[in-house]
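Q: Give me the fold of what follows.
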Amino acid sequence: MPEIAITQVMQFHSDAVEDGDLLVTKLEGDEAINRPYEFRLELASTRTDIDFSEMIRKTAWIGIKQGVQLAGQDKRAATTLKIHGVIQSFEQVGKELELVKYRAVLVPRLKRLALAHQSRIFQEKSVPEIVKSICQEYDVEVDTGKLGSHKARDYVVQYEESDLDFIHRWMEHEGIFYYFVQTEDREKMVLADSAEGYGTLQGNAKFSYKPSQDDNESRIEAADTEEAAEDWFKEEVVTAIAARTNLLPKKVILNDYNWDDPDTGLECEADVHGDGVGIVYRYNSHYHTKEDGDRLAAIRAEEIQCREHVFTGRSDCRGFRAGMVFELQDHYRDSTNNEYLLTEVRHRATQAVALGGNAGGGASYSNSFVAIPKSKKFRPVFSTPWPQIKGVMHAKVDGADNSTPYAQLDDKGRYKIKMPIDRGGGGDGQASKFVRKSEPYAGPDQGMHFPLLKNSEVILTHVDGDPDRPVIAGAMFNSKNSSVVGMTNSTQNVIATPGGSKFVLDDTVGSPFINLKTKDSKLDMKFDGTDGSENMCFKSTDKNEVKLHSGDENLYIKSAKDDTYLRMGKGGNEAAKSEGSVTVTGGENGFYLSTKGQWNQYAEKDANIIIKGKENKQVGDASDWTIKGTSAEYKYGDHFTFKAALTYGIEIGFTADFKAAGGIAIAVGASFSIKAGATVTMEASASLTVKSAKSKEYVFDGLTNVANKDREDSVAKNFTLATKQKMLIKAKEKVTLQGNAPFPPPDPSLKARMAAWATSAMASVKSKSSTAPPPPPPPPVPGPPPLPRTKIEVDAQKILLLFDTTTMLRLDNSGITLKCKGSKLIVGPTGITAKPMVQGG
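A: All right, here's what the predicted structure looks like:
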């Protein structure tokens, strides 16, 4: 193999070949924040047997030598800046003389994410967590230490896009940028979302401005000798820089909708530039609260602001990398001497190779760059297309891993679904977030919802075509779940539930009907609209039946044995039977039973009627109560009143007993009669009072049909008869008033005083024309008060007052006779006679 003579300022390493087998002749590389870098290499080798497959499977790196100023010395030392990655493509392009030419493209491991194109779902993860988990699948090292906090998102869908585009669009949405740093062994992806997250250049960080005369000239060139190559390591400078300022819009306005809080407006805005023109408006910006909307509006504004002042330039600074900060010095415009963030860098380098020791053409390096002031907060452009789901998508209803066939719903009636596009592998009940189901009717405290079973096929639509916002549009039939309406029942409108209930509206011409059934037709309700036979029928599997028939206008209720136990209708006899109990319950508005004919109630055992309110009975004609048992008992609360407009009669065959702890009041408009075949007893523990407004009459014997029986009224203590006018007591034989109290001691002067009073009284009687009142009786002798008379007898012939066995006063046709201690005083028409009492007189 011929020897190759070269001053190597660039080198290539691959684990697939030996060092020196492939030499760099040309390098072109592009870098940008938030984009994987790409270095296109032209290589030369004397080998013709390089294995292409091994080249793209192995890691590789390229190195560019750089001169570094030694601290405290006037010397510069050489160091190698490595760029790690993998070979994305490798090709052989030809042969020139003894050298075989190859081409290779070096990219970071991250670029492999562009090869995967898929759909999957992420739940309850933040964007940095999603990015890191995907990158780990491709052996990409990710540093998230320079990120702020980011909330977990409940549902994020990757839909028909590469893994790289997926993480790009979500990082752009969240304002997250990334760049690469090169370690000794590999590249590392660094995520950041603030100016504090910018990177630091390897080696030199300060560079002078020294313009070049030729824009296409590479200031650094190395010959193929070591002496000439020293020029490669001299000071690196910025050879050109241009500043540009762009006109910006005035503000950014974002808006969104949160179905869980539909009345809250979510429009948010952020100022971009006070002198800006126009607004940037975005709807459906994936936020649910004003707080999150304000944060995203600020990110969108910063995305525009960081591109107001843009600097482009050229340099021979081999350490320039996108995402790093450098400082410019010695520019003729002071404001340009500043710190800048490199957002894009394009590298170009060549290196000559010669055979047999012959000199080559040397080596060269230059780059062009785009930068913004370091003081600006960089945000990536939100440019990666958001995928759109057009039309509808098939899915299945998800459910928890259990034996029940029913779907898993939340308190808002939402379902979890399994999407055929999802390769995330979520287990039962974990395949998606809860998804709303579209209904034909919905509103406050109203609507429709027929729950779906687990594994039911559904059609999904997506709000605004957004994969992250699915809605169940409806359920679908398939070969496993056939339609409830087909060729054999095409006139029917059917609702069938998983529990076996069925609702059928049949529109057959001439015989329409409505039918409602439970599982296995255990309960069946049918409304038959057949012409001329409008019926409504309720049936159970044991042949119990309720039927309303319009033909005879009757209601039928039949038992399982076909016994009619209720029939009601026009012109029919109503009948009811039940072997068990029958309960009829009315609501607050009342319960009414009405009939134009006779109404009968019958109970073979006890009957209980409980009325918590008032009871009001109105009887248009007579009212008869017959109690055939041995006793009847009525219990009332505070008051019990009987009223009769004319007469009220109580007839008792044997005895009657009326008792009241307080009082009994009986009031009638006209007369009141109490009749008893035997006796009537009125008894009071204290007193018994009978009052009359005018006169009061007690009539006994034949006048009241007593039939020569005795009657006795007695009280325990006192008995008072009182009237404001007259009182008449009549008896055919005699009236006796008798008391048992003892008499006071006899009065010795009673005879003389009574004789004097009798004389005066008789004189008054004889003078019939005199209007003067009779003299008062003699006053009693002072002493103990007199007790009431013990006995008064009154008959048609005389009045007898008996005080005790020795004293008596008698008034009859003969006059007034006073008897006292065996003597008597007679005041008669002829005078006053006093004589001894005859024994037995």
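Q: For Y159, give me phi and psi.
A: As for Y159, its main-chain torsions (degrees, to the nearest 10) stand at phi -130, psi 120.
Q: so it touches S119, yeah?
A: Yes. In this structure Y159 lies within contact range of S119 using C-beta atoms under 8 Å: 4.9 Å. In this view, the C-beta of every residue, glycine as well, is placed from N, C-alpha and C.
Q: who's more crowded, those two?
A: Y159 (22 against 19; other C-beta atoms under 10 Å).
Q: Specify the local secondary structure of the residue nearest to that one when sequence neighbours are not counted.
A: Counting by C-beta to C-beta, 6 or more residues apart in numbering, P467 is the residue found nearest to Y159 once chain neighbours are left out, at 3.9 Å. The assignment at P467 comes out as coil when based on DSSP: H, G, I helix; E, B strand; the rest coil.
Q: What distance do you get for the nearest residue to D51 once chain neighbours are set aside to D139?
A: Among residues not flanking D51 along the chain, A16 sits closest, at 6.6 Å (C-beta to C-beta, 6+ apart). Counting by C-beta to C-beta, to the nearest Å, the separation of A16 from D139 is 17 Å.
Q: the more surrounded of those two?
A: Using other C-beta under 10 Å, the more surrounded residue of A16 and D139 is A16, with 20 against 12.
Q: is it true that that one touches F52?
A: No. Taking contacts as C-beta under 8 Å, A16 lies outside contact range of F52: 9.1 Å.
Q: Buried residues in the longest strand seen in the chain, which are they?
A: Residue-count comparison of every strand in the chain, with assignments taken from DSSP state E, identifies strand 76-96 as the longest. Of the residues in strand 76-96, those buried under the neighbour-count criterion (16 or more other C-beta atoms under 10 Å) are 76, 79, 81-88, 90.
Q: Just send the residues you listed back as a markdown table, with distance to K437 and pLDDT too.
A: Converted to a markdown table, the buried residues of strand 76-96 look like this (distance: C-beta to C-beta, whole Å; pLDDT from 0 to 100):
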| residue | distance to K437 | pLDDT |
| --- | --- | --- |
| R76 | 71 | 62 |
| T79 | 64 | 83 |
| L81 | 58 | 92 |
| K82 | 56 | 95 |
| I83 | 53 | 97 |
| H84 | 51 | 98 |
| G85 | 48 | 97 |
| V86 | 47 | 97 |
| I87 | 50 | 97 |
| Q88 | 46 | 96 |
| F90 | 53 | 97 |
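Q: Any chance of JSON lines for the residues you listed, columns distance to L460?
A: Below are these laid out as JSON lines (distance: C-beta to C-beta, whole Å):
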{"residue": "R76", "distance to L460": "65"}
{"residue": "T79", "distance to L460": "57"}
{"residue": "L81", "distance to L460": "51"}
{"residue": "K82", "distance to L460": "49"}
{"residue": "I83", "distance to L460": "45"}
{"residue": "H84", "distance to L460": "43"}
{"residue": "G85", "distance to L460": "40"}
{"residue": "V86", "distance to L460": "38"}
{"residue": "I87", "distance to L460": "42"}
{"residue": "Q88", "distance to L460": "37"}
{"residue": "F90", "distance to L460": "44"}
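Q: ok, back up a step: tell me the SS of the residue nearest to D51?
A: Under the three-state scheme (three-state DSSP), the conformation of A16 reads as coil.
Q: could you list every residue that touches it?
A: 50-51, 54-55, 57-58, 60 (C-beta atoms under 8 Å, 6 or more residues apart in numbering).
Q: And it, how far from L115?
A: Following C-beta to C-beta, the distance that separates A16 from L115 is 19 Å.
Q: Over to L247?
A: Using C-beta to C-beta, which is the criterion applied here, L247 is 40 Å from L115.
Q: Same question for K251.
A: With distances taken as C-beta to C-beta, K251 is found 40 Å from L115.
Q: go on, E18?
A: With distances taken as C-beta to C-beta, E18 is found 28 Å from L115.
Q: Wait, K433 touches Y415, no?
A: No. K433 is not in contact with Y415 according to C-beta under 8 Å; the separation is 10.0 Å.
Q: okay, these two: which has more neighbours?
A: Remark: of K433 and Y415, Y415 carries more neighbours, 24 against 19, as counted by other C-beta under 10 Å.
Q: which residues of the stretch 101-250 of the chain score low on pLDDT?
A: Across the stretch 101-250 of the chain, residues meeting the criterion (pLDDT under 70) sit at 213-233.
Q: Nearest residue to S501 in space, ignoring adjacent ones along the chain?
A: T518 (5.3 Å).
Q: Which residues are in contact with that neighbour?
A: With contacts defined as C-beta under 8 Å, 6+ apart, the neighbours of T518 are 500-501, 524.
Q: just the CA coordinates of the host helix or strand of I253, formatted as CSV?
A: Remark: I253 resides in strand 251-255, with elements defined by DSSP states H and E. What follows is strand 251-255 as a C-alpha-only set of coordinates in CSV (Å, rounded to 0.1, in the frame of the first residue of the first chain):
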residue,chain,number,x,y,z
LYS,A,251,-48.8,41.5,20.7
VAL,A,252,-49.7,37.8,20.9
ILE,A,253,-53.2,36.6,21.8
LEU,A,254,-53.9,33.0,22.6
ASN,A,255,-57.3,31.3,23.2
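Q: That strand packs against which elements?
A: Contacting strand 251-255 under the criterion 3 or more C-beta pairs under 8 Å, 6 or more residues apart in numbering; DSSP states H and E are the following elements: strand 268-271, strand 279-283, helix 290-305.
Q: Tell me the spacing between the residue nearest to D185 when sequence neighbours are not counted and R103.
A: Ranked by C-beta to C-beta, 6+ apart and with sequence neighbours excluded, the top spatial neighbour of D185 is H84, at 7.4 Å. H84 is 19 Å from R103, where distance means C-beta to C-beta.
Q: Repeat that for K396.
A: Relative to R103, K396 is positioned 49 Å away (C-beta to C-beta).
Q: Please apply the same query to H168.
A: As for H168, its distance to R103 is 27 Å (criterion: C-beta to C-beta).
Q: Those two - which one has more neighbours?
A: Counting neighbours by other C-beta under 10 Å for H168 and for R103 shows that H168 has the greater number, 24 against 14.
Q: Tell me what angle the helix or strand containing the more buried one forms with helix 290-305.
A: Applying DSSP H and E as the criterion places H168 in helix 163-174. Helix 163-174 runs at 100 degrees relative to helix 290-305, counting by axes from the mean of the first three to the mean of the last three C-alpha atoms, to 10 degrees.
Q: got a list of contacts for helix 163-174?
A: Looking at helix 163-174 with C-beta under 8 Å, 6+ apart, the contacting residues turn out to be 34, 36, 110-111, 113-114, 116, 118, 127, 130-131, 134-135, 137-138, 150, 156, 158, 161, 177-178, 191, 193, 286, 296, 299, 380-386.
Q: Pull out the buried residues from those residues.
A: Among those, the ones that count as buried by 16+ other C-beta under 10 Å are 34, 36, 110-111, 113, 127, 130-131, 134-135, 138, 150, 156, 158, 161, 177-178, 191, 193, 286, 296, 299, 380, 382, 384, 386.
Q: In helices, which of the residues you listed fall?
A: Secondary-structure check on these using DSSP state H: residues within helices are 127, 130-131, 134-135, 296, 299.
Q: I'd like those as CSV, with distance to C306 appended.
A: Conversion of these to CSV gives the following (distance: C-beta to C-beta, whole Å):
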residue, distance to C306
V127, 20
I130, 24
V131, 21
I134, 26
C135, 25
L296, 16
I299, 11
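Q: Report the two of those residues separated the most.
A: Of all pairs drawn from these, the greatest distance, 23.8 Å, lies between C135 and L296 (C-beta to C-beta).
Q: Many thanks, I have nothing further to ask.
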